[in-house]
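> Next input, structure requested:
(one chain, ligands or ions: 2)
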Amino acid sequence: MGLAGVRHRHGEGVLKVIVQPLVLHHARKTTLLGLREAFTALPPPPPPLSFAEYSTLPTRGRAAYDQARDDFLHLTLRVPTPEQDIGARILAKLIASNPRRKNSRRGLMISAPMFYGKTELALLLARSTEQSHAARNPDYVDRGEVPVVWTEMTDHSTGKALLAQIIEFLAPTVSVPLHANTDRLRKMAVDMLQTHRTKLLVIDEAHRLGGSEPSSVIKALQNESSATVLLVGIALGGGKAFGSTEGLQVRMRCDMVTLRKTDLKEDEGRVLWHRWVAVFDRNLPLCGHAPGLLTRNAAVLHKAAGGQLSVLAMIVERLIAATLDDTARRNERVTRQRLYAVLDDLRYTTPVRHKITLEDLHEDDLDEAA
Ligand SMILES: Nc1ncnc2c1ncn2[C@@H]1O[C@H](COP(=O)(O)OP(=O)(O)OP(=O)(O)O)[C@@H](O)[C@H]1O
Ligand SMILES: [Mg+2]
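Residues are numbered from 1 along each chain as shown. Ligands and ions are numbered 1, 2, ... in the order given. All right, here's what the predicted structure looks like:
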């Protein structure tokens, strides 16, 4: 899969850009094919073009080019976070040690408020688990091995529903005997995890599991299969799901990675935020883009985003979308006005409330800054 960009200049300066469209077939990560697509759909940026070059493309070429930059933005452009390193380190250790334990197998929790990048982090960890399995077992797909199983809880999900999802993921053609009792389903799920050499079981939206039934199922899965459980959800440390009684038993058997806002008053937060803004700025898939304005406004963006990476990512996405939507544009430069329009719009269309004004934004003019 992927996207190739080839750029030719012919004698008369005619430009030809071939962008092979990325074909996506699956909407969900909760099937094996869908998850593998999510692992591999990492299109590179399309070849850089000046706005004049872009303007000479035929309509279809421009549409393909726009789609390619959109895909790059939505699927590939991610910034590194400390939680990625911490999570990967803990998970690698657990995956190595859990199969060799007969008792007290441990899991990992990713916990944060809503819209903090939890699922994105889980996907990255899951991808690296699959890749390291693939590196050691090049023919793993042919052998029917499924190193990662991805499940997602919905409202009022039960432990039994979790087991059904595991079975459906690993054996999509088997009709799950939902009338069977939980013990029977658990045995089926555990056997399948073992047969497919599953190393990681992801349970996203895990805060929707509550009470003793799901907790006892998760605990049994940890005891009976050597797969490492990764629970992903909102406020998993407290709350009704894993904060008390049986839930607490699961909590005690998990390490936890929490995602936080960055704080500009702390050195670490300041460095991190500026790095994130700079990564986005360097990689904006805009024609004739010269990085600068975003980076110079890192502190203002921090205020607008409340220090939240996911809101910064949303601002960047909207900036690109607004620029490409402007059919009368003469260039795709990031200007104060364009950035402000996006920030202003955020106040009306999302719960993000900030008090940034146009005057707060710096020009991309280093002389003026001096
Ligand atoms: N490291 C990153 N780099 C760039 N963008 C990111 C990164 N992490 C998260 N995002 C973006 O932040 C947004 C929210 O991420 P995600 O869906 O993972 O959040 P969540 O905490 O799972 O949300 P919810 O509580 O709704 O499940 C997404 O658009 C995602 O692409
Ligand atoms: Mg999520």
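
> Tell me which stretches of the stretch 201-350 of the chain form strands.
In the stretch 201-350 of the chain, the strands defined using DSSP state E, counting those that start in this stretch lie at 228-234, 254-258.

> List the pairing partners of the first one within its sheet, with orientation.
The one in question is strand 228-234. strand 107-112 (parallel), strand 200-204 (parallel) (DSSP bridges).

> For ligand 1, which of these is the nearest?
Shortest distance between ligand 1 and those, using CB to the nearest ligand atom, is found for strand 107-112: 5.7 Å. (Each C-beta comes from the backbone N, C-alpha and C, glycine too.)

> how far does the very next helix or strand once past the closest one sit from the chain's center?
Where DSSP states H and E defines the elements, the next helix or strand beyond strand 107-112 is helix 118-136. For helix 118-136, the separation from the chain centroid amounts to 11 Å (computed by CA atoms, centre = their mean, to the nearest Å).

> In helix 118-136, which residues are buried?
With burial defined by 16 or more other CB atoms under 10 Å, the residues of helix 118-136 counted as buried are 118-130, 133.

> With distance to ligand 2 and pLDDT added, can I get the residues you listed in JSON lines?
As requested, those are exported to JSON lines (distance: CB to the ion, whole Å; pLDDT from 0 to 100):
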{"residue": "118", "distance to ligand 2": "5", "pLDDT": "98"}
{"residue": "119", "distance to ligand 2": "3", "pLDDT": "98"}
{"residue": "120", "distance to ligand 2": "8", "pLDDT": "98"}
{"residue": "121", "distance to ligand 2": "9", "pLDDT": "98"}
{"residue": "122", "distance to ligand 2": "8", "pLDDT": "98"}
{"residue": "123", "distance to ligand 2": "9", "pLDDT": "98"}
{"residue": "124", "distance to ligand 2": "13", "pLDDT": "98"}
{"residue": "125", "distance to ligand 2": "13", "pLDDT": "98"}
{"residue": "126", "distance to ligand 2": "13", "pLDDT": "98"}
{"residue": "127", "distance to ligand 2": "15", "pLDDT": "98"}
{"residue": "128", "distance to ligand 2": "18", "pLDDT": "97"}
{"residue": "129", "distance to ligand 2": "18", "pLDDT": "98"}
{"residue": "130", "distance to ligand 2": "19", "pLDDT": "98"}
{"residue": "133", "distance to ligand 2": "24", "pLDDT": "97"}
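
> which stretch among the strands of the stretch 201-350 of the chain comes nearest ligand 1?
Nearest to ligand 1, of all those, is strand 228-234, at 5.9 Å by CB to the nearest ligand atom.

> Among the buried residues of helix 118-136, which ones lie close to ligand 1?
118-120 (CB under 6 Å from any ligand atom).

> Save the buried residues of helix 118-136 as TSV, and put in distance to residue 292 too.
Formatted as TSV, these follow (distance: CB to CB, whole Å):
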residue	distance to residue 292
118	32
119	32
120	27
121	29
122	34
123	31
124	29
125	34
126	36
127	32
128	33
129	38
130	38
133	42
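
> Just the closest of those to residue 346, please.
Taking CB to CB as the measure, residue 346 sits nearest to residue 120 out of these, at 19.7 Å.

> how many neighbours does the closest residue in space to that closest one that isn't next to it in sequence have?
Leaving aside its chain neighbours, residue 120 sits nearest to residue 78 (7.0 Å; criterion: CB to CB, 6 or more residues apart in numbering). Number of residues near residue 78 (other CB atoms under 10 Å) recorded here: 19.

> just the one 10 residues further on next, same as before
Residue 88 has 17 neighbours, counted by other CB under 10 Å.

> so how far is residue 38 from it?
Going from residue 88 to residue 38 by CB to CB, to the nearest Å gives 17 Å.

> Report the separation between the residue of the stretch 201-350 of the chain found nearest ligand 1 and residue 348.
At 3.2 Å from ligand 1, residue 310 is the closest residue in the stretch 201-350 of the chain, using CB to the nearest ligand atom. The spacing between residue 310 and residue 348, counted by CB to CB, is 19 Å.

> repeat for residue 71
Using CB to CB, one obtains 27 Å as the distance from residue 71 to residue 348.

> Between these two, which is the more surrounded one?
Between residue 71 and residue 348, counted using other CB under 10 Å, the more crowded position is residue 71 (23 against 7).

> need the contact list for residue 273.
By CB atoms under 8 Å, 6 or more residues apart in numbering, the residues touching residue 273 are 262, 264, 298, 302, 307.

> Could you do residue 127 as well?
Going by CB under 8 Å, 6+ apart, residue 127 touches 38-39.

> so how far is residue 266 from it?
For residue 127, the distance to residue 266 (CB to CB) stands at 30 Å.

> Same check on residue 283?
Remark: distance between residue 283 and residue 266 (CB to CB) = 26 Å.
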